[in-house]
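In: With the input below, show me the fold.
(chains A and B, ligands or ions: 2)
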Amino acid sequence: MLAFFEKRITNLGETVMDLLNGLGSFTNFTLRTIFWTFKPPFRFKLLFDQIYFMGNKSIFIIFLTSSFTGMVFAIQIYLGFKAINTDSFIGPLVAIAMAKELAPVLTGLVVAGRCGAAMAAQIGSMKVTEQIDALEVMGINSYQYLAVPRILGAMISMPMLSAIFLIVGYGGSWVIGVKLLQIDPILYTQKISDLMRLGMVAEGLIKATVFGYLIGIIGTYQGFRVEGGAEGVGKGTNMAVVWGMITVLVVDYFLTSFLAKIL
Amino acid sequence: MINYTNEEIFSVRFKNLSKSFGEAKILYDLNFGIHRGKITTILGFSGAGKTTLMKLILGLILPTEGEVIVLDTVINKIGELELREFRRNFGMVFQYAALFDFLTSFENVAFPLREFTKMSEEEIKEKVLSLLDSTGISIEAAYRLPSELSGGMRKRVGLARGLALDPHIMLYDEPTSGLDPITTHVVYDLMRDTHRRNEHRGFTSIIISHDIHATLKYSDYIVFMEKGRVVEHLDVESFKKSENPVIRRFLEL
Ligand SMILES: Nc1ncnc2c1ncn2[C@@H]1O[C@H](COP(=O)(O)OP(=O)(O)OP(=O)(O)O)[C@@H](O)[C@H]1O
Ligand SMILES: [Mg+2]
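Out: Ligands and ions are numbered 1, 2, ... in the order given. Now for the predicted structure:
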């Protein structure tokens, strides 16, 4: 009986230790990547390559997700609030919700799925085939060469993609509102300037940048900690997606309450 | 007993070197040197600690105790940036070549030149093509990706990349694993030719292997390791005559 509890407690202890070790190495990774971000040489070519790669990889899904989100949103508001005549509010409501929440969060989920996964897969497979050792042996810091351009790339791509999401999504809602629901196009856009403030757009862009950083650091970290062949790469890729998405959703809550105070 | 303290004779020296990973002790109090200008093979069964020793030479991991001295530098006592700089003395060929899979053969070999020299595009092209030529890679294969090359070709490209910065010490981790017997000899010939071409400047080749036949044919010195200890460190002729039962067993394979 005692032995049973002892074993449980030992197991618990090990789990806690593993968790702390994991946290320790993640912190270590974070600090190192920050250090190497500010240390020359600055690899602009790699950074541009990454921005291009990320845009290329997610733009189509962003278009698809954003236009349908905008369209659905317009219909839902119209149907939901039909009793009180809300036609003039549909446009601004969509725009505000998109700018503050939907654009950064949904873009974050798409980018975590597409690019966070790609980061972990690329770096992970380089790890198991000793390509990272090869970089290090040549005297090149693999964090600087592989992680920094991806993290910065995600921080730059995310607000751009999120802005595209906002514009396309609003466009989608406009098509539904004006063409399908027959709302006067002037009415549809009119109240935006009254109701929407620049701070709302800023909120979305700040969120997108933070999400970009988080997706980047999680994706690259999962890549670097890959061990043990192709299976390990698959596992790391999976972890990058899962943790990337969870982090976006959880951090969104805290960012929202924080930004509400300062913007 | 060899006097290992002389840096004129040895390009790599180990002083009271021990390495543990956590509780597990992998290397026990090593004291020996690797001869400058010679081909030394580190031989031993799987798990003997050969790769660990190689990583210590490169400063990729740190010793638990003792020192690793390469040329005139204590590699485990210098800072990270200095170490990165110092690594240019090494060329390394990995077990499976470890070519960058996003770059062609040409760009793989050009990589260290672009990173560390101020050579013009013309000069880089000339140097890369001559390196690839000397390792037997055709122009046509130079512009292919590693995924489109055979294992033997990848190793040649890996060798060319390792040689790009004219290193003083060349390390090979099981350079012929996964190759057929004929290609194995081609790669060994290539390593020996490379060595001979650079011998005059004290070029040192360190090969990790468990291929006893090739080792006897191509090395000048053999370090035989077992369970983290050096059992024997001899020139090839003396090695063949060794009375050590473990080595006899290995020789009779
Ligand atoms: N990073 C590490 N953490 C823990 N143990 C390790 C680590 N690296 C190596 N070891 C252990 O050290 C021992 C020696 O490993 P090493 O890779 O040096 O052997 P080797 O002689 O190169 O073997 P092989 O011929 O199989 O490549 C093995 O038991 C291995 O499990
Ligand atoms: Mg090994």
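In: so where do the strands sit in the stretch 51-200 of chain B?
Out: Per DSSP state E, counting those that start in this stretch, the stretch 51-200 of chain B carries strands over the ranges B:65-70, B:73-74, B:90-93, B:169-173.
In: what helix or strand does the residue most central in space within chain A sit in?
Out: By CA atoms, centre = their mean, chain A has its centre lying nearest to residue A:108, at 2.8 Å. Residue A:108 is located in helix A:103-111, with elements delineated by DSSP states H and E.
In: coming back round to it: any idea which of the strands of the stretch 51-200 of chain B gets closest to residue A:67?
Out: Residue A:67 lies closest, by CB to CB, to one member of these: strand B:90-93, at 51.0 Å. Every residue, glycine included, has its C-beta placed from N, CA and C.
In: who does that closest one touch, helix- and strand-wise?
Out: Strand B:90-93 sits against helix A:131-137, helix B:50-58, helix B:151-163, strand B:169-173, with contacts defined as 3 or more CB pairs under 8 Å, 6 or more residues apart in numbering or on different chains; DSSP states H and E.
In: With distance to residue A:74, mean pLDDT and mean neighbour count as extra columns, can I get those in a markdown table?
Out: Output for the helices and strands packed on strand B:90-93, formatted as a markdown table (distance: least, CB to CB, whole Å; pLDDT from 0 to 100; neighbours: other CB atoms under 10 Å in any protein chain shown):
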| stretch | distance to residue A:74 | mean pLDDT | mean neighbour count |
| --- | --- | --- | --- |
| helix A:131-137 | 48 | 93 | 22 |
| helix B:50-58 | 60 | 93 | 20 |
| helix B:151-163 | 56 | 92 | 24 |
| strand B:169-173 | 62 | 95 | 23 |
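In: Specify the stretch among those that is closest to ligand 1.
Out: Between ligand 1 and those, the tightest spacing by CB to the nearest ligand atom is seen for helix B:50-58, at 3.2 Å.
In: sorry, back to before: elements contacting the helix holding residue A:108?
Out: helix A:44-80, helix A:148-174, helix A:198-224, helix A:229-262.
In: could you give the angle of the first one to helix A:198-224?
Out: It stands for helix A:44-80. 130 degrees (axes from the mean of the first three to the mean of the last three CA atoms, to 10 degrees).
In: Now do helix A:44-80 against helix A:103-111, angle only.
Out: 120 degrees.
In: Then the last one?
Out: Orientation note: helix A:229-262 sits at an angle of 180 degrees relative to helix A:103-111 (the same axes, to 10 degrees).
In: Look through the stretch 101-250 of chain B and state the residue closest to ligand 1.
Out: residue B:210 (5.9 Å).
In: Get me the contact residues on the stretch 101-250 of chain B for chain A.
Out: B:101, B:111, B:112, B:115, B:116 (CB under 8 Å from any CB of the partner chain).
In: Let me know whether the last one touches residue A:41 as I believe.
Out: No: under the criterion of CB atoms under 8 Å, residue B:116 makes no contact with residue A:41, lying 11.2 Å away.
In: rewinding a little: tabulate the helices and strands packed on helix A:103-111 in a markdown table, adding columns for mean pLDDT.
Out: Shown next, in a markdown table, are the helices and strands packed on helix A:103-111 (pLDDT from 0 to 100):
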| stretch | mean pLDDT |
| --- | --- |
| helix A:44-80 | 95 |
| helix A:148-174 | 97 |
| helix A:198-224 | 96 |
| helix A:229-262 | 95 |
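In: Quick check: which of the strands of the stretch 51-200 of chain B is buried the most?
Out: With neighbours taken as mean count of other CB atoms under 10 Å in any protein chain shown, these reach their highest mean count in strand B:90-93, at a mean of 25.
In: Give me the distance from that strand to the chain's centre.
Out: 6 Å (CA atoms, centre = their mean, to the nearest Å).
In: How about stretch B:10-25?
Out: The answer for stretch B:10-25 is 17 Å, by CA atoms, centre = their mean.
In: now residue B:65, nearest residue through space, not along the chain?
Out: Spatial nearest neighbour of residue B:65, chain neighbours left out: residue B:18 (4.3 Å); criterion: CB to CB, 6 or more residues apart in numbering or on different chains.
In: what angle do the helix or strand hosting that neighbour and helix B:50-58 make?
Out: Assigned by DSSP H and E, residue B:18 falls within strand B:10-21. For strand B:10-21 against helix B:50-58, the angle by the same axes, to 10 degrees is 120 degrees.
In: Give me the secondary structure label for the residue of chain A found nearest ligand 1.
Out: Nearest to ligand 1 in chain A, going by CB to the nearest ligand atom, is residue A:227, at a distance of 9.5 Å. When classified by DSSP: H, G, I helix; E, B strand; the rest coil, residue A:227 comes out as coil.
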